[in-house]
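*Asks:* missing the sequence, but the structure's below:
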């Protein structure tokens, strides 16, 4: 928790920080609702989406690291990885010793390109050309994500 949270948290059920969290959750839901469907997009469950995000950001991550970063149970990650492998989205390979490295496939990369293009198009219609504000918001949310996924290890 930040050192001086009195002003940020306030007395109104969390104040501006709670408002930010609520907006992040709702905007994410609204963007996801506009995600394209059809044969060009591989449909994923919420758990599979969480796992794919980590696999995309950290190619070669071990299943235990994926579980830690997603805050999912290891068994749920294993189930999601089996399903993603069956869908052609990830490959798993043995590393030195008994480890496993998980990597996104070209199909996953193509799927992500389609999704990112669709998301960008949707947001461009709404936000126009205010890219300076978009960059600032992206920076804030990236920092928040890094801190939330790193807090177990005390660093990024």
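*Replies:* Received, thanks. These numbers come from a predicted model, not from an experiment.
*Asks:* Could you list the low-confidence segments of this structure?
*Replies:* 1-13, 151-156 (pLDDT under 70).
*Asks:* how about the helices in it?
*Replies:* 6-9, 15-33, 46-57, 63-70, 74-86, 106-127, 131-150 (DSSP state H).
*Asks:* Go through these and name the closest to residue 94.
*Replies:* With C-beta to C-beta, the closest approach to residue 94 among the helices of the chain belongs to helix 63-70: 12.2 Å. The way it works is simple: take the backbone N, C-alpha and C, and place the C-beta from them, glycine included.
*Asks:* Export the helices of the chain as JSON lines, with columns for mean neighbour count and distance to residue 99.
*Replies:* Shown next, in JSON lines, are the helices of the chain (neighbours: other C-beta atoms under 10 Å; distance: least, C-beta to C-beta, whole Å):
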{"stretch": "helix 6-9", "mean neighbour count": "12", "distance to residue 99": "41"}
{"stretch": "helix 15-33", "mean neighbour count": "12", "distance to residue 99": "32"}
{"stretch": "helix 46-57", "mean neighbour count": "19", "distance to residue 99": "15"}
{"stretch": "helix 63-70", "mean neighbour count": "19", "distance to residue 99": "9"}
{"stretch": "helix 74-86", "mean neighbour count": "16", "distance to residue 99": "14"}
{"stretch": "helix 106-127", "mean neighbour count": "13", "distance to residue 99": "21"}
{"stretch": "helix 131-150", "mean neighbour count": "12", "distance to residue 99": "20"}
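*Asks:* Figure out which of these is closest to residue 92.
*Replies:* That would be helix 74-86 among those, by C-beta to C-beta, at 6.5 Å.
*Asks:* Please state the offset of that closest one from the chain centre?
*Replies:* Relative to its chain's centre, helix 74-86 lies at 16 Å (C-alpha atoms, centre = their mean, to the nearest Å).
*Asks:* contacting residues around the most centrally placed residue in the chain?
*Replies:* The chain has residue 53 as the residue nearest its centroid, 4.5 Å off, counting by C-alpha atoms, centre = their mean. By C-beta atoms under 8 Å, 6 or more residues apart in numbering, the residues touching residue 53 are residue 70.
*Asks:* Noted, bye for now.
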